[in-house]
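Student: Sequence and computational prediction follow.
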Amino acid sequence: MAGRAEELGATDDAGAPAKHIDALRRQRTSLLNFKVFAVVFALSGSDLVAQENTAVPLDQASSVAAQALIAGDPALALQIAEAVLAQRPDDRTALIVVAAAAPQLGDAARGRAAGARAFAVSQSDAQRYEAARLTALAAANDRRYTLATFWLRRALTVAPNEQERNRTLNDARGVSRLNPWSTGLSFSLAPSNNVNGGAEDEASTAPGNPTGTLSADAQAIAGWRGVLAFNTNYRLHQSRQSRTTVGAQYRGTRVRITDDIDIPDEAFTSDYSEVSLRHERALENGTISLRATRGLYEYRDLRGPSGAQVVDYEYYDIWRLGIDRQLPLNAQTVLSFSVGREWLEYQNAGIGEVNRVTVGTGLVRQLESRDRIGGNITLVDNKGDNVNYTSRDLTLSGNYRWAEPLGPITLGLGGGFRWSDYPDYNLLFAVTGGRQDRTVFANADIGFPGISYAGFTPGLRIDANRTDSNVSRFDRTTFSASLTISSQF
């Protein structure tokens, strides 16, 4: 967003003041002598005196102030507009002039206040669009980038046409790049046939153990799952070679059970929060980043016999360290590596601590069509104080995303396989040969770029997975479709 007086964020249909300013832009030469033209207002019983004096009616004073601004004299424009506002606090044209002129004279706060008031007294969407963009410009000139983004979002809600909408989107993306704060908010709501990750039927079977019956909460329960996620990051340092950020994240999950079952919704509530520190550095070939995270996962556990179950609060602490490396192989292909170490400390003494090591590699390639295709291999090794938390996992996954919309939607598809081995798993007795799970999963991300409000667009996330296990408690099929909201910048 430029800081010049001409760039008032107005369009040809942005209201009478903007039309007048645009027309005057073509008469700049004849207006350049305005500074020596006499101006006197009979306001508040006193005159504003220039080199020569002449009376200007109050009704015309705002337009004269706009002329002074276009003529390149923001100081005179501000003086006239302030005099008008002394008599007419809600004169929209004068407020627009102050919003444009004050930041040029070093008073961005006055410009923001005037722009916000102009927005409030505007009578049409075109006028609101003009005022919102001016307020955003004043905020950006004062390096108030988060506030500027807020006003650009308001401008998007009243953009007069697609061209102006795209212009404001581009400005918002530019402001986001400048902003040391990066904040995201998302929400999803999904019906699911298995909100608790339960088994497909009530039979409990496992090698080396007697056949039994699973409790109701261990079986698949249908319902709705709502997830609210918030994250914010602050850039502590940035140069051409490196960047350091600190961040915080929260993710809350709530469930509404639709099956006729005597289990409270609260039993499947969970909350996750974390703080993190990340440092990224450019190398001669690619980048490397270091990350450290401290997290807390809170969940609920059902205890007691059926019909008299109590919901207990449980949690575990998470400490994470990791290294990520990205290595471009050519202009179209990037190879990545990651190594991570986690320590999980459960409040439940029966679980204790779990140490986890994760190693992964991935490859992403951009095709000639600009579509992207990628694949990943991930190995996870868990060692727990409780043998049921000791396991090894191998995941193979792939994804494909189309660069251009397919009709009214954008589309990305993914899927893969996961093999999990628990060598010493126990139920009533040790499971002979340990527990083995085999999972196949698939997902689709569908976006609707033609639908947006204030820079937010809706999407649809579809997830399906099927797990086969030699321990029947973990035989499960899950399908869910989530409505998502994401930001365009």
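Tutor: On my side now, so go ahead.
Student: how about the closest residue to residue 242 other than its chain neighbours, secondary structure?
Tutor: Once flanking residues are discounted, residue 242 sits nearest to residue 281: 4.4 Å by Cβ to Cβ, 6 or more residues apart in numbering. Where C-beta positions appear, they are placed from N, C-alpha and C, glycine not excepted. Three-state assignment for residue 281 (DSSP: H, G, I helix; E, B strand; the rest coil): strand.
Student: and residue 281, how far is that from residue 202?
Tutor: In this view, residue 281 and residue 202 are 54 Å apart by Cβ to Cβ, to the nearest Å.
Student: who's in contact with the residue nearest to residue 242?
Tutor: Under the criterion of Cβ atoms under 8 Å, 6 or more residues apart in numbering, the neighbours of residue 281 are 241-242, 287-289.
Student: per-residue confidence for it?
Tutor: If you check residue 281, the pLDDT there is 96.
Student: And for residue 53?
Tutor: 45.
Student: Ranking helices and strands of this structure by mean pLDDT, which lands last?
Tutor: Using mean pLDDT, DSSP states H and E, the weakest-scoring helix or strand in the chain turns out to be helix 28-31, at a mean of 28.
Student: Pull out the buried members of the contacts of residue 281.
Tutor: 287-289 (16 or more other Cβ atoms under 10 Å).
Student: quick one: residue 256 is in a strand?
Tutor: Yes. Counting by three-state DSSP, residue 256 falls inside a strand.
Student: what's the neighbour count on it?
Tutor: 13 (other Cβ atoms under 10 Å).
Student: what's the closest non-adjacent residue to it?
Tutor: Nearest residue to residue 256, sequence neighbours excluded (Cβ to Cβ, 6+ apart): residue 224, at 4.4 Å.
Student: residues contacting that neighbour?
Tutor: Neighbour list for residue 224: 189-192, 195, 255-256, 258 [criterion: Cβ under 8 Å, 6+ apart].
Student: out of those, which is most surrounded?
Tutor: residue 195 (24 neighbours).
Student: In contact with it, which residues?
Tutor: Shown in contact with residue 195 (Cβ under 8 Å, 6+ apart): 221-225, 255, 257, 268.
Student: Pull the most distant pair out of the residues you listed.
Tutor: Spatially, the most separated pair among the contacts of residue 195 is 222 and 268, at 12.1 Å (Cβ to Cβ).
Student: which residues are common contacts for those two?
Tutor: 195, 257.
Student: Which of the two has more residues huddled nearby?
Tutor: residue 268 (23 against 14).
Student: Who are the contact partners of the more buried one?
Tutor: Residues near residue 268 by Cβ under 8 Å, 6+ apart: 195-196, 253, 255, 257, 300.
Student: centroid residue for the protein?
Tutor: Geometric centre of the chain, nearest residue: residue 184, 2.7 Å, by Cα atoms, centre = their mean.
Student: ok, what's across the strand from it?
Tutor: Using DSSP bridges, the bridge partners assigned to residue 184 are residue 231.
Student: cool, residue 415 as well?
Tutor: Beta-bridge partners, per DSSP bridges, of residue 415: residue 398, residue 442.
Student: Helix, strand, or coil at the spatially closest residue to residue 76 that is not a sequence neighbour?
Tutor: Spatial nearest neighbour of residue 76, excluding adjacent residues (Cβ to Cβ, 6+ apart): residue 68 at 4.4 Å. Counting by three-state DSSP, the backbone at residue 68 sits in helix.
Student: just the helices in this protein please.
Tutor: Along the chain, counting by DSSP state H, helices occupy 16-25, 28-31, 58-70, 74-87, 92-104, 108-121, 125-141, 145-157, 162-178.
Student: Comparing the ones you listed by mean pLDDT, which bottoms out?
Tutor: Lowest mean pLDDT within the helices of the chain: helix 28-31, a mean of 28.
Student: domain ranges for the chain?
Tutor: 16-178, 181-487 (automatic domain parsing).
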